[in-house]
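Colleague: Next input, structure requested:
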Amino acid sequence: MGRFAKYYEESVHLTLPPEEVFNFIDDHAKFSEHMNKPSLMLGKGKMEVVFDDSHGRAVGSHIRLTGNAFGIKIYLDEMITRYEPPLVKIWETVGDLQLLVIGRYEMGFEIKPMENGSHLRVFIDYDPPKNFVILEKLFGKIYAKWCVRQMLKSLPQ
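Modeller: Okay, the predicted model is just below:
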């Protein structure tokens with residue numbers, strides 16, 4: 001077991017070369033687009049994504065998300081911890097955060113070249129939130145699965 005209490009991942013085979021997959025996923029605005037739209041998973045809330053000068057494309061780069069879920073203000077700061085184009089990108093929450101269903105997390109993707117394209121694995125390791133442990137017990141895995149699947153769904157086919 002890693003640093004976090006919970007884990008979820010999914011993989012998919014794509015007919016695109018690793019560089020093309022990485023370039024799409026490396027654009028956090030596209031890859032996390034599902035957070036910018038009101039959704040049932042966020043109680044009709046949505047998040048605004050703010051990038052630093054590196055736009056999430058370097059180790060140490062920050063991506064901040066603010067918004068609301070179920071009428072409660074939520075915010076987090078993600079920092080890129082591993083950046084190895086065109087194969088790996090990993091980020092994790094840092095500093096103060098306010099989340100409802102999951103707590104601190106590490107998220108990322110790994111791309112493996114294959115004969116006819118790429119194998120993409122998207123994952124999230126997470127802890128329960130400090131203030132809303134009951135919500136994590138009820139919805140944590142559902143939210144983690146939704147988040148990973150939304151990212152996979154955003155990919156070009």
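
Colleague: mind checking how far the residue of the chain most remote from its centre is from Leu152?
Modeller: What lies farthest from the middle of the chain is Glu115; by Cα atoms, centre = their mean that is 27.2 Å. From Glu115 over to Leu152 the distance is 21 Å, taken as Cβ to Cβ, to the nearest Å. Quick note: C-beta positions are derived from backbone N, CA and C, even for glycine.

Colleague: circling back: for the residue farthest from the centre of the chain, give its distance to Lys137.
Modeller: 43 Å.

Colleague: Quick check on Asp26: phi, psi?
Modeller: phi -70, psi -20 (degrees, to the nearest 10).

Colleague: Can you get me a residue count around it?
Modeller: If you count neighbours by other Cβ atoms under 10 Å, Asp26 ends up with 17.

Colleague: Now do the same for it: its pLDDT.
Modeller: We note a pLDDT of 91 for Asp26 in this prediction.

Colleague: I figured it was touching Val88, is that so?
Modeller: No - using Cβ atoms under 8 Å, Asp26 is not in contact with Val88, being 10.8 Å away.

Colleague: longest helix in this structure, by residue count?
Modeller: helix 133-153 (DSSP state H).
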